[in-house]
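> just need the structure, nothing else, for what follows:
(chains A and B)
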2 protein chains.
Amino acid sequence: MALIVQKYGGTSVGSTERIVNVARRVAAFRAAGNQLIVVVSAMSGVTDSLLKLAREVSREPTDRELDVLLATGEQTTIALLAMALHDIGVPAVSLTGAQAGIVTDGVHTRAKISNITPHAVRSFLDRGDVVIIAGFQGQTMEGQITTLGRGGSDLTAIAMAAAIRADLCQIFTDVDGVFTADPRAVPAARKLEEISYDEMLEMASSGSKVMQARSVEFAKKFGVVFEVRSSFNDNPGTLVKQETASMEQVVVRGVSLEKSQAKVTIAGVPDKPGVAAALFTTLANANLNVDMIVQNVSLQGTTDITFTLHRDDAGKVRKVLEPVLGTSIAQDVIIREGVAKLSVVGIGMRSHSGVAANLFGALFEAGINIQMISTSEIKIAVVIDESRATDAMKAAHARFGLDATPAPTSPPDA
Amino acid sequence: MALIVQKYGGTSVGSTERIVNVARRVAAFRAAGNQLIVVVSAMSGVTDSLLKLAREVSREPTDRELDVLLATGEQTTIALLAMALHDIGVPAVSLTGAQAGIVTDGVHTRAKISNITPHAVRSFLDRGDVVIIAGFQGQTMEGQITTLGRGGSDLTAIAMAAAIRADLCQIFTDVDGVFTADPRAVPAARKLEEISYDEMLEMASSGSKVMQARSVEFAKKFGVVFEVRSSFNDNPGTLVKQETASMEQVVVRGVSLEKSQAKVTIAGVPDKPGVAAALFTTLANANLNVDMIVQNVSLQGTTDITFTLHRDDAGKVRKVLEPVLGTSIAQDVIIREGVAKLSVVGIGMRSHSGVAANLFGALFEAGINIQMISTSEIKIAVVIDESRATDAMKAAHARFGLDATPAPTSPPDA
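Prediction:
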């Protein structure tokens, strides 16, 4: 008998009909002899409706009360799923985050889990119940309701799996798993059978938004093996786990693309200690989320620093940096929108040379100019013109042998 | 500085606009120098929507999960009201029933409050906050979410007022207070300035559904003085409190009417101990809510027992009693719908004779036949034909001097 933690997202429980379907799926896993903990999100659309109500009563809703409000979303889903299970004869019990023993810090709307006391969960499991837990929420030591922020339900599932030492954690979502590239852009993309935490992290931070990086990091830290799979079919998904020797045979695991980026060059930056720190502290204080940063060697006492960030934030950059322009910190700022970031990711890169050359070659052959380059141990990222981004992704996908063979074993079926 | 507990029902918080209005009202009471605890219900319509969802996933939703589901209704309102108060600069904090220390027994969907530990409430009050509490809900000692059943939010307010020794409890609702009769039926009805708990109880159980009897009983038991008043204007309402000497000067406080009743006569019941008990146990086990019961003296060894109940339940009576008809317990059952119960209520009756004669005289003059009579210490109730019910109420209202004078001091303004 295995203990499985399953998580169903907002789309998977987006209507009462879908909740009934999830109940049938849970019942089948239980009938196969497993103990089950099921973490659910708010029904899709509910959180937005609640936020709309909040804005109708307040210009700037307070974080503590937003948490009290938003926590009702998952509480609704847990009760409905428990009822749906009872209706088909499966014993089940619903628990809010607080009741499930999920204790967080007091940072409302983006709380961190500080510990989990799963003894209530354990005793309901021992009684034979399917235990349904509200994702995304917890409470402080003082009993205040908190929410975990974006991707919070995934985090609840993975943290609970760690705390209760589950045999497996399954993240059910609206995609079939993790793909070698976005199948909507690259028809030849294949679903991966497995991927390492580090690869998944690099894929996530490079635009493949199957899961938030924080959940993957948590799983890596506590060694929680989890599977990303679809709640709309019975196909196996992608296993995310610690890297294995066989994984290293694959040089490039996947290709990901982040569109709608802007490229910002700060020109005439003195080449001396502390200047870069001052610049990026200014940007961080303005809540500007900077992604890739490149600085080349300085030849004349000053240098240029270039970074990327989301296009929506580009407008704020000039205003934030205005006070230092023309001073001893920086001369000018040049902002260019319409760029995209293409990344190739794979832990096999560590032991294989020539990956960068291969990527650059593929892009050259496709006639695509490279504007910036940045590398990590398991990733090579380039900034290119957004209008050629999909072509670039297809070219890289083909070059690294990721395209599906004529008779693929795991066809994409999203 | 007074400590006031206010309760706003579902209609009073039925939209975000109304929640903003409640916030303004609360702010004004606070600005006048009071400490405030505000108990709120779910926004009107929300509970029905949640029940609809429940029926979509389950033929017979379980009580425990219904409580988890329904409790989200008030939780939504408390957060929105706290935000609305913050928006106009009033410090406020929302608490679920559990957070407010409301502990109940484990009878889901109709739990009883077993005790209240208001120390969290007290410490937020001391900090200067308006404390907003979700009505209708609590938790068991084991941390399970419970709801209190019909009228539960009134009960939360009155129980909290008792536990924290509030100076006053105000029940804001969609009527102006307690009237001598339903103003929609009797235009000459007057709003009462005060009424005793016992009179309020008899009015409530006789169809004047301003509040559920259980809340009034709780207030009586713990001596909580409360005011019933409108959330849509600033008129003073009706004070409900222990009877005073001056109250006894008023023979009849009010007249109330319960329509849509049915009259059931069980004929040929042996006049011996235990038979009535057997009959009414059978009815109670079928969840039939019997109201007035009349049995006259027996002249021939058998008697007839007549009782009233809501018309909607009348259909079940024959089916439930079928097994005993024609036996040594009962011969036949005769069911007549289309009747109503008229009650006149007043603690002054105790020391005044002739009230019954006066009522019967008024009905005779109006040409209305009396089908059943039942009396308590402070009430006389009669069953009459439903088609004449309003005429009967008007006649009684006038006969006992309750009609508004040409220049009333408290005109009805509903």
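> pairing partners for the lengthiest strand in chain A, with directions?
Longest strand of chain A, by residue count under DSSP state E: strand A:254-270. With DSSP bridges as the test, strand A:254-270 is paired with strand A:302-310 (antiparallel), strand A:332-345 (antiparallel).
> for the stretch 51-200 of chain A, what lies in contact range of chain B?
A:53-54, A:56-62, A:64-66, A:68-69, A:71-72, A:75-76, A:78-84, A:86-87, A:93-94, A:96, A:99, A:120, A:143, A:145 (Cβ under 8 Å from any Cβ of the partner chain). All C-beta atoms are positioned from the backbone trio N, CA, C, and that covers glycine.
> centroid residue for chain A?
Nearest to the mean C-alpha position of chain A, by Cα atoms, centre = their mean, lies residue A:212 at 2.0 Å.
> ok, for that one, nearest residue in space, not its chain neighbours?
Distances taken as Cβ to Cβ, 6 or more residues apart in numbering or on different chains put residue A:151 closest to residue A:212, at 2.8 Å, once the chain neighbours are dropped.
> how many other residues sit next to that neighbour?
19 (other Cβ atoms under 10 Å in any protein chain shown).
> show me the contacts for it.
By Cβ atoms under 8 Å, 6 or more residues apart in numbering or on different chains, the residues touching residue A:151 are A:211, A:212, A:214, A:215.
> please report how far it lies from chain B.
Separation of residue A:151 from chain B (Cβ to the nearest Cβ, to the nearest Å): 22 Å.
> so which bits of the longest helix belonging to chain A are buried?
Determined from DSSP state H, the single longest helix within chain A is helix A:63-87. Of the residues in helix A:63-87, A:64-87 count as buried by neighbour count, 16 or more other Cβ atoms under 10 Å in any protein chain shown.
> with stretch A:369-380 instead?
For stretch A:369-380, by 16+ other Cβ under 10 Å, it's A:371, A:372, A:374, A:378, A:379, A:380.
> and which of these is nearest to chain B?
residue A:379 (42.0 Å; Cβ to the nearest Cβ).
> just the buried residues of the longest strand of chain A, please?
Quick answer for strand A:254-270 (16+ other Cβ under 10 Å): A:254-259, A:261-266, A:268-270.
> now flag whichever of those residues is closest to residue A:362.
Nearest to residue A:362 among the buried residues of strand A:254-270: residue A:255, at 10.3 Å, using Cβ to Cβ.
> what sits against that closest one?
Residues near residue A:255 by Cβ under 8 Å, 6+ apart: A:180, A:181, A:186, A:342, A:343, A:344, A:345, A:393, A:396, A:397, A:400, A:402.
> got the confidence number for the second one?
This points to residue A:181. You'll see residue A:181 listed with a pLDDT of 92.
> how about the contacts made by it?
Remark: with contacts taken as Cβ under 8 Å, 6+ apart, residue A:181 is in contact with A:189, A:254, A:255, A:256, A:257, A:393, A:397, A:402.
> residues in contact with the closest residue to the second one other than its chain neighbours?
So the one you mean is residue A:254. Spatial nearest neighbour of residue A:254, chain neighbours left out: residue A:180 (4.5 Å); criterion: Cβ to Cβ, 6+ apart. Applying Cβ under 8 Å, 6+ apart to residue A:180 gives the contacts A:186, A:189, A:190, A:192, A:253, A:254, A:255, A:397, A:402.
> now pLDDT too, for these, in TSV please.
TSV is the format used below for the contacts of residue A:180 (pLDDT from 0 to 100):
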residue	pLDDT
A:186	92
A:189	93
A:190	93
A:192	94
A:253	93
A:254	94
A:255	94
A:397	95
A:402	94
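> quick one: low-confidence parts of chain A?
A:207-208, A:406-414 (pLDDT under 70).
> chain A - how does it break down into domains?
A:3-174, A:255-399 (automatic domain parsing).
> distance between the ends of the first one?
Between the opening and closing residues of domain A:3-174 we find a distance of 23 Å, counting by Cα to Cα, to the nearest Å.
> and if you look at the shortest one?
End-to-end distance for domain A:255-399: 11 Å, by Cα to Cα.
> where do the strands sit along the stretch 51-200 of chain A?
Ranges of strands within the stretch 51-200 of chain A are A:92-95, A:102-104, A:113-116, A:130-134, A:137-139, A:145-147, A:168-173, A:194-196, based on DSSP state E, counting those that start in this stretch.
> out of those strands, flag the one nearest residue A:17.
strand A:168-173 (16.0 Å).
> OK, contacts around the closest residue to chain B within the stretch 151-300 of chain A?
Of all residues in the stretch 151-300 of chain A, residue A:231 sits closest to chain B, at 16.1 Å by Cβ to the nearest Cβ. By Cβ under 8 Å, 6+ apart, the residues touching residue A:231 are A:8, A:9, A:11, A:12, A:21, A:22, A:25, A:172, A:173, A:174.
> same question, residue A:134
By Cβ under 8 Å, 6+ apart, the neighbours of residue A:134 are A:39-40, A:71, A:74-75, A:77-78, A:94-97, A:100, A:156.
> returning to that earlier point: just the contacts of residue A:181 now: which is nearest residue B:111?
residue A:256 (52.1 Å).
> shouldn't that closest one be in contact with residue A:182?
Yes. Using Cβ atoms under 8 Å, residue A:256 is in contact with residue A:182, at 7.4 Å.
> ok so, going back, backbone dihedrals for the residue nearest to residue A:254, please?
With angles defined as degrees, to the nearest 10, residue A:180 sits at phi -60, psi -20.
> on that earlier part again, turn the strands paired with strand A:254-270 into JSON lines, including mean neighbour count.
Formatted as JSON lines, the strands paired with strand A:254-270 follow (neighbours: other Cβ atoms under 10 Å in any protein chain shown):
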{"stretch": "strand A:302-310", "mean neighbour count": "19"}
{"stretch": "strand A:332-345", "mean neighbour count": "20"}
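> quick one: which of the ones you listed is nearest residue A:288?
When the strands paired with strand A:254-270 are compared (using Cβ to Cβ), the closest one is strand A:302-310, at 6.1 Å.
> give me the next element, helix or strand, following the closest one.
As assigned by DSSP states H and E, the chain's next helix or strand after strand A:302-310 is helix A:311-321.
> and that next one, what's buried?
A:311, A:313, A:314, A:317, A:320, A:321.
> hmm, residue A:186 is touching residue A:395, no?
No. Judged on Cβ under 8 Å, residue A:186 makes no contact with residue A:395 at a distance of 10.0 Å.
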